[in-house]
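Visitor: Give me a model of this one.
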Amino acid sequence: MAGADGGSGAGFGGHLADAGRSMLADARHALADPALSDAERVHELRKAFKRWRAFLRLIVRSIGPPAEEMRLRARELMRSLSGARDAQGALDAIDDLAKNGSALSPRTLATVRGRLTAARDAAENASLTPEMRGSIAAYIDEAAQALEAWPLADVGFAAFADALTVTFRRARGLAPDDWAVVEPPHLHELRRRVVEHRHQMELIEPLWPRVTKAWAEEAQRLRNRLGACQDLSVLAAFVAPHQPLAAWRSRLTPAIAARRQTHLKSASRLAGRLFAEKPKAFRKRIAALWTARKRRKS
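Guide: Prediction:
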């Protein structure tokens, strides 16, 4: 990432522009890298596009409808790859259970993994077609051109801090009152907002590494716990009647529920720390960091 003052641009807006270029470069590399398997390619593409979409949501108030349209199109492209991600999530959940006292024998675990791997590979073959690759490549090219045309150099830190606070407020407002009974769709939406917040905080990490790195790491730990809950929910769908893992439903369902509660307890503690301050206090602290930095530089 570019230096704190933007590298190829002036001021904080230049820093944002460089960050956007880096995200699109990562997406382009993930799409073209011959060393990646299809599973790795899907994972890297989704990761790069999550960062890009978080970036677009951050600048939409400054850029307007073009940035929002670009964000919505990115979301639709990645939804086309979600089938493969679901099967991979179920595989991750099986690994989680296996490391924490699964009731399944090694032979059964191997069979379950085999079925999920087959489902993932089939989804990848159906979604990551040459046509889809072409659509993603065309989007990246168009996004890169748009990025250069947008007046990001005019975006001041105040507008950035306002947008960052909006995301923080949205994520904080989704933290459930009772974690023990929260439904999977609610957790999934919270996880999306936490991921978005974490990626947006990365944009200011180079400005204040000591302060924001710890914050971003805490957000990542919460994201990991929420992601594990999501993976377990996906696995639960695979063990439903007439689904690929239905034969092991009686053994997997209690294990899924128990492991989910463990993750929820940790997520509750992490969210309590991450969202301890109110949005106005968060905004004030971000502004204070920026003011202090400008004083040091002057």
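Visitor: Could you report the pLDDT at the residue nearest the centre of the chain?
Guide: Nearest residue to the geometric centre of the chain (C-alpha atoms, centre = their mean): Val195, 4.0 Å. Per-residue confidence (pLDDT) for Val195: 94.
Visitor: What strand or helix carries it?
Guide: helix 184-202 (DSSP states H and E).
Visitor: next one: the helix or strand just after that helix to chain centre, how far?
Guide: Counting by DSSP H and E, the next helix or strand C-terminal to helix 184-202 is helix 209-238. When distances are taken as C-alpha atoms, centre = their mean, to the nearest Å, helix 209-238 is centred 9 Å away from the chain's centroid.
Visitor: relative orientation of the helix or strand following helix 209-238 and helix 184-202 in degrees?
Guide: Next helix or strand after helix 209-238 toward the C-terminus (DSSP H and E): helix 249-274. Angle between the axes of helix 249-274 and helix 184-202 is 40 degrees (criterion: axes from the mean of the first three to the mean of the last three C-alpha atoms, to 10 degrees).
Visitor: Identify the residues contacting whichever helix or strand comes after helix 249-274?
Guide: Proceeding N to C from helix 249-274, the next assigned helix or strand is helix 279-297, under DSSP H and E. Helix 279-297 is contacted from outside by 4, 157-158, 161-162, 164-165, 168-169, 172, 204, 207-208, 211, 277, using C-beta atoms under 8 Å, 6 or more residues apart in numbering. From N, CA and C alone the C-beta is placed, and that goes for glycine too.
Visitor: quick one on the thing from earlier: helices or strands next to the helix holding Val195 in the packing?
Guide: helix 38-63, helix 157-174, helix 209-238 (3 or more C-beta pairs under 8 Å, 6 or more residues apart in numbering; DSSP states H and E).
Visitor: Now do that helix: everything it contacts.
Guide: Residues from elsewhere that reach helix 184-202, judged by C-beta under 8 Å, 6+ apart: 50-51, 53-55, 57-58, 163-164, 167-168, 170-171, 174-176, 212, 215-216, 219-220, 222-223, 226-227, 229-230, 233, 274.
Visitor: which one in the contacts of helix 279-297 is the model shakiest on?
Guide: Ranked by pLDDT, the contacts of helix 279-297 bottom out at Ala4, which scores 37.
Visitor: Which residue ranges make up each domain of the chain?
Guide: 1-81+128-154, 84-127+156-298 (automatic domain parsing).
Visitor: before we move on, the earlier item: what's the spacing between the residue nearest to the centre of the chain and Leu222?
Guide: According to C-beta to C-beta, to the nearest Å, Val195 and Leu222 sit 10 Å apart.
Visitor: Equivalent analysis for Ala138, please.
Guide: According to C-beta to C-beta, Ala138 and Leu222 sit 35 Å apart.
Visitor: cool, and Thr165?
Guide: For Thr165 relative to Leu222 (C-beta to C-beta), the value is 18 Å.
Visitor: all helices of the stretch 1-150 of the chain, in order?
Guide: Using DSSP state H, counting those that start in this stretch, the helices of the stretch 1-150 of the chain run over 11-32, 38-63, 65-79, 82-99, 106-127, 130-149.
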